[in-house]
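Colleague: Got a predicted structure here, sequence first:
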Amino acid sequence: MNETIKEYPKVLIVALGRINAADTANNGLLLRNLFGNWPKENLVQIYSSGDNADTGFFSHYYQLGPKDRRLGAQFYRLKSGALAQMESGAEVLGNSAIRRGKISTIKSVLKRLIVETGFYELIFRPRLSAGMVDWVNEFKPDIIFSQGYNLTFAWLPVMLSKRFNIPIAYYPTDDWPNTEYRSGPQNLPVISTFVNRSVDKASRDLVEASSVRLSFNRYMQKEYLLRYASEFKVLMHGDDPQRFSATASMRMVGPDEVWIVTTGVFNRNRLPLLKDLDAACEILNKQGIKVRATVFSVNELIKGETNHFRYVEIASCPDHKSMPAVLKGADILFLPERFDETSPGIRLSVSSKAHLFMFSGKPTVVYSDPVTGIARYATEDSWAMVVSKRDINELANAFKHLITDDSCRQRLADKAAQVAVRYHDIVSNQLLFQNIIRRCNNEKVEDNTPSARES
């Protein structure tokens, strides 16, 4: 029996975005960390998008194509044409203003009907093509690693599991079943309700079909136990603390200036909070405290939204290797989330930057509605100062407190280091993950022995 137990089982990763050899995508960093010790030849991926043309982190890849969807040819024509335009909001040129108006109206209706509600997922469902089946058969995986994310990537791992009789390890990193396609009641409620029921069923089927269930934090673990009546084991984002201890600090401001640093994706929820950051810096500078801030944005920001800042600079995001130097060079780290009506939707989410801020040795200010997962985590574990009300004066006061109170600053940094070691050490997380996958594979092997089949 021991001869059949593999040290590193062969894993088929089924995830929306390609895990490239290097990029700044949060999920790419997560999976490269989790599978960092795995033999590359024992890892392959089925994906849909996100190929940056590098060699990739895994040994082989299969990209979904027309044959892997029902009505696939029509889907990819739409994806490269009208569907892509609807998703991007691009204008369709017509012969007159009236025609443009009609096309715009039709496009708007189609976008709401097909894209925003997720109805296209039901029309163009995934299928196991002969090419995909042959590709999987050639690899002969021991286990499927799934993250969900949308209907296609909830259905596909279950279909593969049934077809090849192999177990699933399910690891959602956000509460996609409760947010994906959740259009408001004004957006075609009949269709939205139908799609949302499909999402609920697909997510429940995926949980039920999974032999390994992992959650990204304890909030998700608790919620999913109630929602699915299934146990999930917590496995959080991780990194190597030695990357930080062995890196020299880098600063982009003068020696007499306080440097506030933030990084991440600044979407419509977070972008307004950068205005608050600039306003808080202005308050402090008027009080005689020289403060500047730098935003290392993963995405390209709208120039009209940021070109009026006086104390905040927008800079390109450093790569993963360079990030520790930037974070260590800061005096204060700023972690904004959101205060808008979407805040309850991320109550089970924890920022993928949190552990990096913890390892930096610098104090963090979390600026977020208290209902969000990141605000709850920072409050309950005391690794950051939390400003839970959208108020530029309160934000400025939080920065000032950290600037002037050395003991508070050190206390937060020390607590963050303790939390980081406890939950985010990559060596511990890799070992936990590998043991869980190996145990699942060993149980599968035992179930397939002659004695087990006879019983």
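Modeller: Sure thing, it's come through.
Colleague: Which residue is the nearest non-sequential neighbour of Glu121?
Modeller: Leu151 (4.0 Å; CB to CB, 6 or more residues apart in numbering). Just so you know, the C-beta spots here come from the backbone N, C-alpha and C atoms, and that holds for glycine as well.
Colleague: List the residues that contact the one you found.
Modeller: Counting by CB atoms under 8 Å, 6 or more residues apart in numbering, Leu151 touches 118, 121-122, 125, 180, 198-199, 202.
Colleague: Select only the buried ones of those residues in ChimeraX?
Modeller: Typed into ChimeraX, the line below selects the buried ones among the contacts of Leu151, using 16 or more other CB atoms under 10 Å:
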select :118,121,125,180,198,199,202
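Colleague: I'd like the contacts of Leu151 written out as CSV, with secondary structure, pLDDT and distance to Asn285 added.
Modeller: Putting the contacts of Leu151 into CSV (DSSP: H, G, I helix; E, B strand; the rest coil; pLDDT from 0 to 100; distance: CB to CB, whole Å) gives the following:
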residue, secondary structure, pLDDT, distance to Asn285
Gly118, coil, 79, 47
Glu121, helix, 88, 50
Leu122, helix, 88, 54
Arg125, coil, 94, 57
Glu180, coil, 80, 42
Ser198, helix, 92, 53
Val199, helix, 93, 48
Ala202, helix, 96, 52
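Colleague: Greatest separation within the contacts of Leu151: which pair is it?
Modeller: The largest separation in the contacts of Leu151, counting by CB to CB, is between Arg125 and Glu180 at 15.6 Å.
Colleague: follow-up on the earlier one: next one: the residue nearest to Glu121 from Gly118, what distance?
Modeller: Taking CB to CB, to the nearest Å as the measure, Leu151 and Gly118 are separated by 7 Å.
Colleague: Ser245: neighbour count?
Modeller: The number of residues packed around Ser245, counting by other CB atoms under 10 Å, is 11.
Colleague: before we move on, what about Gln430?
Modeller: Other residues close to Gln430 by other CB under 10 Å number 19.
Colleague: Surely it is in contact with Leu31?
Modeller: No: the pair Gln430 / Leu31 is not scored as a contact, 11.6 Å apart, by CB atoms under 8 Å.
Colleague: low-confidence ranges in the stretch 301-450 of the chain?
Modeller: 302-305, 444-450 (pLDDT under 70).
Colleague: hmm, 80 instead?
Modeller: Low-confidence segments of the stretch 301-450 of the chain (pLDDT under 80): 301-307, 443-450.
Colleague: same question, the stretch 101-250 of the chain
Modeller: Short version for the stretch 101-250 of the chain, where the test is pLDDT under 80: 101-118, 181-192.
Colleague: now the strands for it?
Modeller: Under the criterion DSSP state E, counting those that start in this stretch, the stretch 101-250 of the chain contains strands at 143-146, 168-170, 212-215, 233-234.
Colleague: that older thread, tell me, what's touching Leu151 and Gly118 both at once?
Modeller: Both Leu151 and Gly118 are contacted by 180, 199, under the criterion CB under 8 Å, 6+ apart.
Colleague: Kindly provide the distance from Thr379 to Ala53.
Modeller: Relative to Ala53, Thr379 is positioned 43 Å away (CB to CB).
Colleague: out of the two, which sits in the busier spot?
Modeller: More neighbours surround Thr379 than the other of Thr379 and Ala53, with 16 against 7 (other CB under 10 Å).
Colleague: Pull up the distance across stretch 123-133, start to finish.
Modeller: Using CA to CA, to the nearest Å, the end-to-end distance of stretch 123-133 comes to 22 Å.
Colleague: nope, stretch 38-57 is what I meant
Modeller: Counting by CA to CA, you get 11 Å between the two ends of stretch 38-57.
Colleague: what does stretch 232-252 give?
Modeller: OK, stretch 232-252 end separation, CA to CA: 43 Å.
Colleague: Repeat that for stretch 126-144.
Modeller: End-to-end span of stretch 126-144 (CA to CA): 17 Å.
Colleague: Please spell out which residues along that stretch are buried.
Modeller: Within stretch 126-144, the residues that count as buried by 16+ other CB under 10 Å are 126, 128-129, 132, 135-136, 139, 141-144.
Colleague: Equivalent analysis for stretch 261-274, please.
Modeller: Within stretch 261-274, the residues that count as buried by 16+ other CB under 10 Å are 261-266, 269-271, 273-274.
Colleague: Quick check: of the residues you listed, which lies closest to Pro318?
Modeller: Thr263 (8.2 Å).
Colleague: The closest one in helix, strand or coil?
Modeller: Look at Thr263: counting by DSSP: H, G, I helix; E, B strand; the rest coil, its state is strand.
Colleague: May I have the beta-bridge partners of it?
Modeller: Residues in a beta bridge with Thr263, per DSSP bridges, are Phe296.
Colleague: and it, what does it touch?
Modeller: 295-298, 317, 323, 326-327, 353.
Colleague: filter those to the buried ones?
Modeller: 295-297, 317, 323, 326-327, 353.
Colleague: Serialize the residues you listed to a markdown table and add fields for distance to Pro167.
Modeller: Putting the buried ones among the contacts of Thr263 into a markdown table (distance: CB to CB, whole Å) gives the following:
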| residue | distance to Pro167 |
| --- | --- |
| Val295 | 43 |
| Phe296 | 40 |
| Ser297 | 40 |
| Cys317 | 37 |
| Met323 | 35 |
| Val326 | 41 |
| Leu327 | 38 |
| Lys353 | 32 |
